[in-house]
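Engineer: any chance you could fold what I've pasted below:
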Amino acid sequence: MKWPRILLLLLCLTLSSGCTSYFAKRVKYKIEPSHAAGSPQFLRSLSYLIGPGLLTSNKVTSLVNGDQSFPAMIQAVKGAEKSINLETYIYWSGQIGEEFANLLIAKAQEGVRVRVLVDWWGSGEIDSSHFIRMRTAGVQVVKYNPLLPWRMLRVNHRDHRKLLIVDGKIGFTGGAGIADIWLGNAEHPGQWRDTMFQLEGPAVGQMQAVFMDNWKKAAAEVLAGDDYFPELPPAGNHLVQVFGSSPQDNVESVRMMFLLSIDSARKNIRICTPYFVPGEGTEEALVRACERGVQVEFIVPGSNTDVPFVRHVSRGHWGPLLRAGAKFYEYQPTMFHCKLMIVDDIWVSVGSANVDNRSFRLNDESNMNIYSAEFAAEQVKIFEADKTKTTQVSYEIWKKRPFHRRVMEVFTTPFRSQL
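Structural biologist: As a prediction, this is how the structure comes out:
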């Protein structure tokens, strides 16, 4: 995202903060002590409070970086027979954008129903000819919440979800958009570090329903029937829940899920996030976890970050967590864009949500929760491998940060609620 666009967004957000329902009064939830992560009562609570319920017999596959994620997604699209539904925040021009456009056009010409829902803001760096060619070939392309003169104050409401569902049978989610920065294997600053996840089994129907949520709003079209919600046989042994969160519906499901999960931790919490700007309630929940003996670790971007502004906001508020014993690790080789939480080596949440106010209160998000010791162990292994490429920031190091960084932290703090 370019700086002029960032400044324009911040200006609009600041002006709109008191004038739109998307900035409703912030609620500081009181979470009663819950059962441990993975306990039957914890799973029941998450099912009822977050919804929909967790489903059995799913298979979730990790796809590390573009070298794994894009080939898997492309293979699934090539095999589509009935429907392709793509929802993404970022779709930019470039090699992978061109490849996806050509592939979606080819499938539409074969008679597959292809729908593409892109965020107006996130797709700002794409050549309009891509979408023109798609529409001409029969692909339904819709931009979510375009900026219009009579809807200026709605610029703050963005669709940040990343979903791809093929034939209602296979789904993908995670942190990556359709852009060349996600190509490769995170070997240099031009290749971002990110993970996507492939889903097979009954929970794909939940992912399809999340796509439907914004497609109904943006295109006024309801999708139903076997082309989108086929009968799904067992595919694995993972217990999975896919859910959406949207300020338009006054639903903060992502924030509730994080708070309940943090409160349930008894041993450890591992969090990967590119933008760590938690609200007061989330920060306090993490501090309480540290105080009851939970080991809390974060992997966040280092100097290779796409938005230094956010890094300044984030680092200025690490003090209470560092004093409580939390550990922060800054990823060095490239931009770190993974979005992951692992609790007590049994409960994992992945998807589009960052640990920040924007994801919790302002954006449309979608996450996938997995209850599986086997899957959690795989994610811990990846987490530890990423950690070998980080530099730890201790409380002592944080206190000695340069004066100019402290000035930037003070300057950026007023925008914290918008990030």
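Engineer: and stretch 343-362, average pLDDT?
Structural biologist: For stretch 343-362, the mean pLDDT works out to 95.
Engineer: show me where this structure dips below the pLDDT cut-off.
Structural biologist: In the predicted model, the chain carries pLDDT under 70 at residues 1-27, 33, 148-154, 249-251, 402-419.
Engineer: residue nearest the middle of it, spatially speaking?
Structural biologist: In the chain, the residue lying closest to the centroid (CA atoms, centre = their mean) is residue 352, at 1.1 Å.
Engineer: any idea how far residue 61 is from that residue?
Structural biologist: 18 Å (CB to CB, to the nearest Å). Heads up, the C-betas are built off the backbone N, CA and C, glycines and all.
Engineer: next: residue 174.
Structural biologist: Using CB to CB, one obtains 11 Å as the distance from residue 174 to residue 61.
Engineer: which residues do the two both contact?
Structural biologist: Any residue near both residue 174 and residue 61 by CB atoms under 8 Å, 6 or more residues apart in numbering counts here, and that gives residue 197.
Engineer: which one of the two has more residues nearby?
Structural biologist: residue 174 (25 against 16; other CB atoms under 10 Å).
Engineer: which residues does residue 272 contact?
Structural biologist: Residues in contact with residue 272, defined by CB under 8 Å, 6+ apart, are 298-300, 336, 338-341, 383, 386.
Engineer: for residue 189, that is, sorry about that
Structural biologist: Residues touching residue 189, when contacts are defined by CB under 8 Å, 6+ apart, comprise 304, 333-335.
Engineer: out of those, the closest to residue 202 would be?
Structural biologist: Comparing those against residue 202 with CB to CB picks out residue 335 as the nearest, at 34.5 Å.
Engineer: double-check that closest one against residue 179; I have them as touching.
Structural biologist: No. No contact is recorded between residue 335 and residue 179 when judged using CB atoms under 8 Å, the distance being 11.8 Å.
Engineer: so which elements touch the helix or strand in which residue 97 is found?
Structural biologist: Using DSSP states H and E, residue 97 falls within helix 95-109. Identification of packing neighbours for helix 95-109 by 3 or more CB pairs under 8 Å, 6 or more residues apart in numbering; DSSP states H and E yields helix 65-78, strand 83-88, strand 113-119, helix 128-137.
Engineer: give me the angle between it and helix 65-78.
Structural biologist: 10 degrees (axes from the mean of the first three to the mean of the last three CA atoms, to 10 degrees).
Engineer: buried sites along helix 95-109?
Structural biologist: Within helix 95-109, the residues that count as buried by 16 or more other CB atoms under 10 Å are 96-97, 100-101, 103-105, 107-108.
Engineer: repeat for stretch 224-241
Structural biologist: Counting neighbours by 16+ other CB under 10 Å, one finds that the buried residues in stretch 224-241 are 228, 230, 232, 235-236, 238-241.
Engineer: how distant is that stretch from the center of its chain?
Structural biologist: In terms of CA atoms, centre = their mean, to the nearest Å, the centre of stretch 224-241 is set 22 Å apart from its chain centre.
Engineer: now, which of the contacts of residue 189 sits nearest residue 134?
Structural biologist: Looking at those and their distance to residue 134, the nearest is residue 335, at 28.0 Å (CB to CB).
Engineer: got phi/psi on that closest one?
Structural biologist: For residue 335, the backbone dihedrals (degrees, to the nearest 10) come out as phi -60, psi 130.
Engineer: export the contacts of residue 189 as a markdown table, with columns for neighbour count and distance to residue 167.
Structural biologist: Conversion of these to a markdown table gives the following (neighbours: other CB atoms under 10 Å; distance: CB to CB, whole Å):
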| residue | neighbour count | distance to residue 167 |
| --- | --- | --- |
| 304 | 17 | 38 |
| 333 | 16 | 37 |
| 334 | 23 | 34 |
| 335 | 22 | 33 |
